[in-house]
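Q: sharing a sequence plus its predicted fold:
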Amino acid sequence: MSETLQLETRGNILLITLNRPEARNAMDFETATAMAAALDQFESRDDLSVAILTGAGGTFCSGMDLKGFLAGKRPSLPGRGFGGLTEAPPRKVLIAAVEGYALAGGFEMALACDLIVASKAAKFGLPEVKRGLVAGAGGLMRLPRRMPYHVAMEYALTGNMLGAEQAHAYGLVNRLTEPGQALEAALALAAEVGANGPMAVAVSKQIVSESTDWPAAEMFERQRPIVAPVFSSADAREGAAAFAEKRKPVWTGK
């Protein structure tokens, strides 16, 4: 895809690695473009069901490349958002594996993921206000949905960093690891998710993410047309047959 973005396939898992360690994996326009293409590839391939986003060199992503910003090249794509991700996350499951810093747009990319695995030494933050900027790539909208409102407000207004252990205590981080082990733990989590029916997983993600805005009186009516294709799918029949025959299911995603 790009020298600054590495892709690796491990079974049905796509590993996406930001590869600008000399810049703490700061996001530039070229890497954002490569990211959008990688996510399109992930969505289009039936053999891939889970992706992991991580960073090389012990850092997840330090945010926007300020040199590129000063040169007039922002790492945000129309309709796709920061890093080619924040405004259009994939339909399939995306896991963030965080070591080191996930700051500004880097934190916003992690928040756009469905699950977050982080080392105990990782730090998150939206420091834009310290630079006279605003976290406009989804952080100010997603953060108060993932942790207590007043806590989210404090970090948005101060720009201070949030340690991974505290983030885990607030429920922002799914799994906490020793330093250097976030990717290994993310791969294990991805394997758990990837062992399930891909259509069922994608629809489950859709309902969890969309239903927060559904009125209580309408939620089952809205859910019904989304889940109906799953119950009539070949994978649903395969899952039942595999259970009855005491074997592992062979999913087709259909």
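A: Thanks, I have it. Numbering: from 1, shown residues only.
Q: helices along the stretch 101-250 of the chain, start to end?
A: Residue ranges of the helices in the stretch 101-250 of the chain, as given by DSSP state H, counting those that start in this stretch, are 105-112, 139-146, 149-158, 164-169, 182-194, 198-210, 219-231, 234-244.
Q: ranking the ones you listed by burial, who's on top?
A: Ranked by mean neighbour count, these are led by helix 105-112 with a mean of 29 (mean count of other C-beta atoms under 10 Å). Bear in mind the C-beta positions are built from the backbone N, C-alpha and C, glycine included.
Q: next, the angle from the longest helix that the chain contains to helix 105-112.
A: Secondary structure of the chain per DSSP state H: the longest helix is helix 29-44. On the basis of axes from the mean of the first three to the mean of the last three C-alpha atoms, to 10 degrees, helix 29-44 is oriented at 10 degrees to helix 105-112.
Q: out of the helices of the stretch 101-250 of the chain, which is closest to residue 52?
A: Residue 52 sits nearest to helix 182-194 of all the helices of the stretch 101-250 of the chain, at 5.0 Å, using C-beta to C-beta.
Q: which strands and helices sit next to the closest one?
A: strand 13-18, strand 50-55, strand 93-98, strand 115-119, strand 175-177 (3 or more C-beta pairs under 8 Å, 6 or more residues apart in numbering; DSSP states H and E).
Q: tell me the contacts of the residue lying closest to residue 190 once chain neighbours are set aside?
A: Distances taken as C-beta to C-beta, 6 or more residues apart in numbering put residue 50 closest to residue 190, at 4.3 Å, once the chain neighbours are dropped. Going by C-beta atoms under 8 Å, 6 or more residues apart in numbering, residue 50 touches 12, 13, 14, 92, 93, 94, 95, 190, 193, 194.
Q: can you put these in JSON lines and add pLDDT?
A: Conversion of those to JSON lines gives the following (pLDDT from 0 to 100):
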{"residue": "12", "pLDDT": "96"}
{"residue": "13", "pLDDT": "97"}
{"residue": "14", "pLDDT": "98"}
{"residue": "92", "pLDDT": "97"}
{"residue": "93", "pLDDT": "98"}
{"residue": "94", "pLDDT": "98"}
{"residue": "95", "pLDDT": "98"}
{"residue": "190", "pLDDT": "98"}
{"residue": "193", "pLDDT": "97"}
{"residue": "194", "pLDDT": "96"}
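Q: what is the least confident helix or strand in the chain?
A: None of the helices or strands of the chain scores lower by mean pLDDT, DSSP states H and E than helix 66-70, at a mean of 77.
Q: list the contacts of it.
A: For helix 66-70, the surrounding residues in contact (C-beta under 8 Å, 6+ apart) are 26, 28, 29, 74, 75.
Q: and these, which two are furthest apart?
A: 26 and 74 (12.2 Å).
Q: spit out the contact partners of residue 181.
A: Residue 181 touches residue 119, counting by C-beta under 8 Å, 6+ apart.
Q: outline the domain layout of the protein.
A: 5-194, 198-244 (automatic domain parsing).
Q: measure the shortest one end to end?
A: What it means is domain 198-244. The straight-line separation of the ends of domain 198-244 (C-alpha to C-alpha, to the nearest Å) is 20 Å.
Q: then stretch 51-70?
A: End to end - C-alpha to C-alpha - stretch 51-70 spans 32 Å.
Q: can I get stretch 100-118 as CSV, trimmed to CA atoms?
A: Only the C-alpha atoms of stretch 100-118 are listed here, as CSV (Å, rounded to 0.1, in the frame of the first residue of the first chain):
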residue,chain,number,x,y,z
GLY,A,100,2.8,4.5,23.7
TYR,A,101,0.9,7.6,22.7
ALA,A,102,-2.5,7.8,21.1
LEU,A,103,-2.9,11.5,20.9
ALA,A,104,-5.1,14.0,19.1
GLY,A,105,-6.1,12.4,15.8
GLY,A,106,-4.4,9.2,16.9
PHE,A,107,-6.8,9.0,19.9
GLU,A,108,-9.7,9.8,17.6
MET,A,109,-8.7,6.9,15.3
ALA,A,110,-8.6,4.6,18.3
LEU,A,111,-12.1,5.9,19.3
ALA,A,112,-13.3,5.1,15.8
CYS,A,113,-12.3,1.4,16.4
ASP,A,114,-14.7,-1.1,17.9
LEU,A,115,-12.4,-2.4,20.6
ILE,A,116,-9.2,-1.1,22.2
VAL,A,117,-6.4,-3.1,23.6
ALA,A,118,-3.7,-1.1,25.3
